Every structure is written in structure tokens, then in C-alpha cells.
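Visitor: my questions are about this predicted structure, shown below with the sequence.
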2 protein chains.
Amino acid sequence: MLSDRKKEILKAVVDDYIMTAEPVGSKAVSRRLSVPVSSATVRNEMADLENMGYLEQPHTSAGRVPSNKGYRLYVDELMERYRLNISEIDRIEKALSIRVNELDKLIIEAGRMVSELTNHPTITVTPSRSEEKIRRFEVIKVDEHTIVLVLVTTSDMIKNRICHLTSPLTDFDAAAASKALNDNFTGISLEGLTQEQITAAEFATGQTITEILIAAIDFAEEVISASGRRQIYLEGAPNILRFPEYRDIDRAYELMDFLSDTNAVGELTALSESEIEIKITIGEENLEPVLTDSSIIMTSYGSGGLIGVLGPTRMDYARVSARLRRFAEGLERYFK
Amino acid sequence: MLSDRKKEILKAVVDDYIMTAEPVGSKAVSRRLSVPVSSATVRNEMADLENMGYLEQPHTSAGRVPSNKGYRLYVDELMERYRLNISEIDRIEKALSIRVNELDKLIIEAGRMVSELTNHPTITVTPSRSEEKIRRFEVIKVDEHTIVLVLVTTSDMIKNRICHLTSPLTDFDAAAASKALNDNFTGISLEGLTQEQITAAEFATGQTITEILIAAIDFAEEVISASGRRQIYLEGAPNILRFPEYRDIDRAYELMDFLSDTNAVGELTALSESEIEIKITIGEENLEPVLTDSSIIMTSYGSGGLIGVLGPTRMDYARVSARLRRFAEGLERYFK
DNA sequence: GATTAGCACTCAGCAGTTACGAGTGCTAAT
DNA sequence: ATTAGCACTCGTAACTGCTGAGTGCTAATC
């Protein structure tokens, strides 16, 4: 267990380092402490903290830098909760006031806002829709050879597809197909819509309108797989170039390249359990090798949606997480 | 008018510089020429070319670098048409074999492919749909208080919106609303759908189902404005970090930041007339200040869609434009 | 008149040197 | 336990000189 003074010193080092990105010396720390203490004392304490693994020294004649273990303690215990000021709250509220209809567009927009709000690259993940059910499955006849399939789910997601038919279609057929689809699929969860059920439904109709049904089933399958696949978006990627830790182009490239591969990012976020308030992963806690000197602050919205920002381990955890939390709370309003 | 030898020298300089990114000296050029000539002669010629504005010297004791005027001439007259080899063609064909249903997703995917094919950031712009007409406008009753509006256009674009009604709805009402919508809007071009027509249509029905119609009109308006607004996507942005000209982080940041602002990029592409084969803008030809040392190679697909890549003025015009052209030709197949 | 060998000149880049200073660990005094 | 003092470390920045690629010019050659 760390003494209070050690904690205060650690906090001072992290706070300072977050601001300056320069190794922090004993003198600078001693100036910051609540009880006045000489730099020599601080030096001893800092040497201790280094032995305990909370601090690191880039080289002998430099100040100290927090280790990931140090950041972890800072985040868990030391960090002051950042209080948003009025202009920040204002900005967030303004950002939230925009209305977007499509879910995906909304999430993209949200990501953009967060990246602007925090000046960090932002990753957003749409909620997984696996527990949804089919509410309505309709055939619209556009002309003799063209139909539109419309699928509505219990949470108001709508998907559609246009199909060109080889044989001409009567209004009656269209209505019959609609009825068949609704009869067979309504109330079925997207996840539960197995291959067996699909083929069963297909044969159950025993009609000449099977062409429509086949198309409909194909369409339903696609919707299912798409709804299982959560969409992942990245916004504000250029922000990483503003951090001195990514002055090294090769590292910056590596990271950006990784981030723009949404599949890879997806695996990353897969593990984040939903319904978290704020989850911070620091350095190697992100198992992904390219992220070992980055941190991620992530929170959830809606049910199972994720929104998070990425930065160097030296990021301003308090401020960024405060802004992110506030934004996510506001976003929550959209989802009820 | 430039002598043939001057042209050959200019071409050699550009070719060499494109490969190496290093200023090209007279010796290197003389080695490349078809008729053997001493470096001294080349030196004289290069001094001429510099006076004429085709070449530039970063500093006295360095080789020469093409000016934008030099690139222009190179692109217009000197550049050899790059012949794609089999593996490249193969790669492009493979990329093109993927099927995507939604137009926007397709274009995003196309952008991703081109950025992978060329190793350049790629900008894609969806075709403008202003000349489209409404083909079908349907109301689907989901439950007593919920409808889905579905709008189908002549080029098979489908848009929908879910609406929650305050008053309960009968099947009969839904059918009547559908009819009213189809009667009034079918065949009307999206662009031509003016406010006047909209309100006229609204009153023409004189029904209690106005709630639906109001929602439908609002929806139609949104579709109109959205279809006028062409979507712009950026893929492969990290690629710019691979060019030595963007080793300077600040420049790289500036450029990336500009590129991720799709509105700004939109203004840029607005001027590109459609139905071009390949259009190359070099350096200051891009009026946008941040792009003064970048070039863009752009081509069109579909009707009015654009796809282009961005790079330093020192980009490999021949190879990149060959790949882009080939890809765009393949993409064309999707649009008929 | 065009070409070229030869030569003096320029200058970015690199390596080596030095000086500086921020920061350390240790010791001995308080 | 704290701290003043001090020798030590080492990255950084500034200066130096050197090297070599590349130039422009001149005078000889074709």
C-alpha cells in the first residue's frame, strides 16, 4: 500500500506529464505538493515509486514518467473527477441537438462530435441487434417485374431490397406473398431465424410465387447476418498526429492503418462487456500489439452500442472521460 | 516548343524523381537517355529547362526537381501509358467481383479497393440523383399507430422512414394514403418536387389521413435534399504518411484534416465536369491552399459519380491512373 | 555551332566536439 | 525523517570541419 505522500507525488507526476509530455523532475513535483517538501525528499520517494513500478526513467539524467501501472493507479484512485465547465456542457448539448434519422448515420455523426469534443480519434460501434424480432415483412409491387421487399423489426429498424422478377406479377400475387411472409416470419427473432426454419417456410407455401419467397429469404438472411455484424466507425483519426508520441511517422502510420481496419478494431471492442459506465484500458491492457502505448476510454450507449476514444497512454483521462460520459448520457436519450 | 531532347530529359527527370523522391542530377539523366550524351550537355539542357520553368533546383548544389509546369507537360505529352501486368489486372478483377447491394456501401467499398490498389488516399463521390423520378410511394401499416413510408425512384433507389401516428389507422386508410401518394407524386422528378407542388398535393386529398401525408411530404423533402447532396467518402487516408513529402507531421495533419472534412472535399470535386475519362490536377491547379503540393487523379463512373486518388505532385501518374482507369471501367459494369 | 572534358565552386548532410543544464543518487548534517 | 550539497549522467543544441554530389563556366574538340 502506498503512503498518502507517495500517492500525491504519483498524482503530481501524472498530472504534470499529461500536460507537458516531458519527463517530470523532482523539483517540479515538490513545487506542486500540498505539504512543502524539498526536492531531495521527493527524489527519494520517486526512486521508491520507480522500484515499485509506478514510474519509469527514460534515461538517467531525466525526470520520471508514469508507467502503465502508474496510470492504472492514477485512473482508479488518484484522478480527480473533471468538472465540465459551462461552455463545454453547452458545446455537448449543441452537438446533441442535431437530429438524424438513420441509426448508422446517427452513430457516425456521434463519433464525429466526440472526436471534435475530445480531440481524439473516436471509434463507434452500433448496438448489436441480435435479439430483435421481425415485425413486418412486406412485398411492394413497383411494376410487373419489380418488387421491393421491406422488413421491419421490433425496434423500428427497416431494411429493404429491390428485386427484379423474371415472370410478371399480379397485384394478387404480391398480396399473397406479403401474407405468406408475414404469416411465417413475424415474431421470429433475427438470431433465431435458422436455415431450417427458412427452408421450412419456403416449402410451407407451396405456391408459384416462390420466386418472391426465395428472394425474400435471401434478403432476410442478409439482414440477419448484417444485424449480427455490428458496424464500426472511426472518426477524427488525424487527431493522433497532434500527440507528440506519434511524431514518429512510422508509428503513426501503423496505428492509423490499424484503426482504419474496422474488422481489427471490432475484435478489440468485442470483449468490452456492455452496460459499462466508463471503461479505460491502458497500454498493454489492450492486447493488440499496436496499441501497447495507447489507451482507450470507452463507454456504452443504447443497448450494446459502444463509443470510445483512443489516445496515447499520456492522455487526459479525467477530462476526456468526463466529456465522453456526458455525451454518452445525452446520446442515451435517443434510445428510448 | 521544346526540342525532342529537352523533352526526353524532362521525362527522365520526372521518371527518376517519381521513383526516388531525390533531386535528379545530370549524370543520372545522361545515363538514362536514348542517344548517349555527356552529363555536361545534359547540364546545359537542364539549365535551359529550369529557365523555361519546367524544372526547379532545391538549392545550388543539388539536382533538379520537376516544377508543376514540368509535371503538367509530363502528364500531357511525355508520360508513357502504363501497361498493367497480369497480376495487377487480376487483382482489380478480383476486387470488382464483390457484390454489394446498397449504392453507398458499394461506393465505400470501391474507394477502399482503389486505395489498396493504388496505395493512395481515395475520394469517392456518389452520383448525384437529381434527375431521378419518384416511381412508387407506398404506405405500409405495421400496427395501428405505426407506418413505414417507402419511396422507390426510377433508378431503383429505395428510401424509407418509420412513423408513429397519434391516431389509430385502419387498413383502409393506409391503402387510401398509398393511393393518394402514388397518384400525386409518381413520375415527379426529385428535383422538380417544389414546395408548391407539395402543399398542393397535400390539400388535394382533403382527407383525415393528412397526418400520414404530412409525414410523407416531410419524408419526401428529406429524400430530395439528401439525393441532391452527393455523398463523399474517403478511404485509405493513412497512405499519405507513406510519402516522404508528408514526413512533416504538421503538413500531414493539415492535409488529413482537410480530407476528412468531406464538405470541403465536396467543393473541390464540384467543379469536375462529369463524363471525363481521367482528369489530373497538379499542385496549384487545385485551388485549395492545402493541396498546392498535391495532385489528384480523378475519373468518373456511373453517371456523375467520381472516384479519385490523391498524392504528392511526385506521384506515379502513369501507373496510378492506369489502375484507376481500369477499376473505373470495371465499376461501370455495375451501372447498367 | 554543338558537344564535352575539366575545374573551381556551392552547399546539404554528417560526424565529431564541446558546453550546457536538467535531473539524478548519495552522503553527511540537521 | 528530512534536506542541503555535490559529483555524476546524459540528452540536446550549437559549432566545427569534411565530404561528395552536383553545378556553371571555360576552353578545347568535333
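Guide: Done, it's in. Numbers count the residues shown, from 1 in each chain, chains lettered A, B, ... in the order given.

Visitor: for the rest of this, base every contact and every neighbour count on C-alpha atoms.
Guide: Noted.

Visitor: for chain A, which segments count as helices?
Guide: A:4-20, A:26-32, A:39-51, A:68-73, A:86-96, A:103-118, A:171-185, A:195-205, A:210-228, A:249-260, A:262-270, A:317-332 (DSSP state H).

Visitor: mind listing what's buried along the fourth one?
Guide: So the one you mean is helix A:68-73. Buried residues in helix A:68-73, defined by neighbour count with 16 or more other CA atoms under 10 Å in any protein chain shown: A:68, A:70-73.

Visitor: again, but for the fifth one
Guide: Of the residues in helix A:86-96, those buried under the neighbour-count criterion (16+ other CA under 10 Å) are A:92, A:95-96.

Visitor: lowest average confidence, helix or strand, in chain A?
Guide: The helix or strand of chain A with the lowest confidence, counting by mean pLDDT, DSSP states H and E, is helix A:195-205 at a mean of 57.

Visitor: enumerate the residues of chain A near DNA strand C.
Guide: Contact residues (CA under 7 Å from any atom of the strand) of chain A with DNA strand C: A:23-28, A:40, A:43-44, A:46-47, A:60-64.

Visitor: what subset of these is buried?
Guide: Going by neighbour count (16+ other CA under 10 Å), the residues of chain A next to DNA strand C have A:23-27, A:43, A:46-47, A:63-64 buried.

Visitor: residue contacts, A:Tyr246?
Guide: Residues in contact with A:Tyr246, defined by CA atoms under 8 Å, 6 or more residues apart in numbering or on different chains, are A:240, A:252.

Visitor: one more time with 6 Å
Guide: A:Ala252 (CA atoms under 6 Å, 6 or more residues apart in numbering or on different chains).

Visitor: for A:Ser39, same thing?
Guide: Contacts for A:Ser39 (CA under 6 Å, 6+ apart) come out as A:26-27, A:30.

Visitor: TSV for the helices of chain A, including distance to B:Ser34?
Guide: Listed next are the helices of chain A as TSV, based on distance: least, CA to CA, whole Å:
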stretch	distance to B:Ser34
helix A:4-20	58
helix A:26-32	67
helix A:39-51	67
helix A:68-73	61
helix A:86-96	63
helix A:103-118	54
helix A:171-185	72
helix A:195-205	67
helix A:210-228	58
helix A:249-260	39
helix A:262-270	49
helix A:317-332	62
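
Visitor: and of these, who's closest to DNA strand D?
Guide: helix A:39-51 (4.1 Å; CA to the nearest atom of the strand).

Visitor: the closest one vs helix A:4-20, what angle?
Guide: Going by axes from the mean of the first three to the mean of the last three CA atoms, to 10 degrees, helix A:39-51 is angled at 90 degrees with respect to helix A:4-20.

Visitor: and helix A:39-51, how far out from the chain middle?
Guide: Helix A:39-51 has its C-alpha centroid displaced from the chain centroid by 39 Å (CA atoms, centre = their mean, to the nearest Å).

Visitor: that one close to DNA strand D?
Guide: Yes - among the residues of helix A:39-51, A:39-41, A:44 lie within reach of DNA strand D under CA under 7 Å from any atom of the strand.

Visitor: what mean pLDDT does stretch A:103-120 get?
Guide: In this model, stretch A:103-120 has an average pLDDT of 92.

Visitor: repeat that for stretch A:157-177.
Guide: Here the average pLDDT along stretch A:157-177 is 82.

Visitor: so where's the stretch 151-300 of chain A uncertain?
Guide: A:190-209, A:269-276 (pLDDT under 70).

Visitor: near chain B, which residues of it show up?
Guide: A:238, A:253, A:256-257 (CA under 6 Å from any CA of the partner chain).

Visitor: which residues are in contact with the lengthiest strand in chain A?
Guide: In chain A, assigned by DSSP state E, the strand with the most residues is strand A:134-143. Applying CA under 6 Å, 6+ apart, the contact partners of strand A:134-143 are A:147-154, A:178, A:181-182, A:186-188.

Visitor: between helix A:210-228 and it, find me the angle.
Guide: Using the same axes, to 10 degrees, the direction of strand A:134-143 lies 130 degrees away from that of helix A:210-228.

Visitor: tell me the strands beside strand A:134-143, with direction?
Guide: Take DSSP bridges as the rule and strand A:134-143 pairs in its sheet with strand A:146-153 (antiparallel).

Visitor: for the partner strand, C-alpha coordinates in CSV please.
Guide: The C-alpha trace of strand A:146-153 is given here as CSV (Å, rounded to 0.1, in the frame of the first residue of the first chain):
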residue,chain,number,x,y,z
THR,A,146,-40.2,-5.3,-59.9
ILE,A,147,-40.9,-5.6,-56.2
VAL,A,148,-39.5,-4.1,-53.1
LEU,A,149,-39.1,-6.2,-50.0
VAL,A,150,-39.5,-4.3,-46.8
LEU,A,151,-38.6,-5.8,-43.4
VAL,A,152,-39.5,-4.0,-40.2
THR,A,153,-38.1,-5.2,-36.9
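
Visitor: buried sites along that strand?
Guide: Per 16+ other CA under 10 Å, strand A:146-153 contains these buried residues: A:146-153.

Visitor: mind putting the buried residues of helix A:68-73 into JSON lines with distance to B:Arg242?
Guide: Below are the buried residues of helix A:68-73 laid out as JSON lines (distance: CA to CA, whole Å):
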{"residue": "A:Asn68", "distance to B:Arg242": "30"}
{"residue": "A:Gly70", "distance to B:Arg242": "34"}
{"residue": "A:Tyr71", "distance to B:Arg242": "32"}
{"residue": "A:Arg72", "distance to B:Arg242": "34"}
{"residue": "A:Leu73", "distance to B:Arg242": "37"}
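
Visitor: any chance of these in CSV, plus pLDDT and distance to DNA strand D?
Guide: Below are the buried residues of helix A:68-73 laid out as CSV (pLDDT from 0 to 100; distance: CA to the nearest atom of the strand, whole Å):
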residue, pLDDT, distance to DNA strand D
A:Asn68, 95, 21
A:Gly70, 96, 21
A:Tyr71, 97, 23
A:Arg72, 97, 25
A:Leu73, 97, 22
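
Visitor: from the residues you listed, which single one is nearest A:Arg230?
Guide: Checking these against A:Arg230 with CA to CA, the nearest one is A:Arg72 at 29.5 Å.

Visitor: hang on, the earlier thing: using a markdown table, lay out the buried residues of helix A:86-96 together with distance to A:Phe172 and pLDDT.
Guide: Output for the buried residues of helix A:86-96, formatted as a markdown table (distance: CA to CA, whole Å; pLDDT from 0 to 100):
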| residue | distance to A:Phe172 | pLDDT |
| --- | --- | --- |
| A:Ile92 | 52 | 94 |
| A:Ala95 | 49 | 90 |
| A:Leu96 | 46 | 90 |
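
Visitor: give me the mean pLDDT for stretch A:309-323.
Guide: For stretch A:309-323, mean pLDDT rounds to 96.

Visitor: CA atoms only for it, dumped as PDB, please.
Guide: Provided in PDB are the C-alpha atoms of stretch A:309-323 (Å, rounded to 0.1, in the frame of the first residue of the first chain):
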ATOM      1  CA  VAL A 309     -11.800   7.400 -27.900                       C
ATOM      2  CA  LEU A 310      -8.200   6.500 -28.300                       C
ATOM      3  CA  GLY A 311      -5.100   8.400 -27.300                       C
ATOM      4  CA  PRO A 312      -1.500   7.900 -26.000                       C
ATOM      5  CA  THR A 313      -1.300   6.400 -22.500                       C
ATOM      6  CA  ARG A 314      -0.500  10.000 -21.600                       C
ATOM      7  CA  MET A 315      -4.000  11.200 -22.400                       C
ATOM      8  CA  ASP A 316      -6.000  13.400 -20.200                       C
ATOM      9  CA  TYR A 317      -8.100  10.700 -18.700                       C
ATOM     10  CA  ALA A 318     -10.100  12.900 -16.400                       C
ATOM     11  CA  ARG A 319     -11.200  15.500 -18.900                       C
ATOM     12  CA  VAL A 320     -11.700  13.200 -21.900                       C
ATOM     13  CA  SER A 321     -13.800  10.700 -19.900                       C
ATOM     14  CA  ALA A 322     -15.900  13.400 -18.400                       C
ATOM     15  CA  ARG A 323     -16.700  14.700 -21.800                       C
END
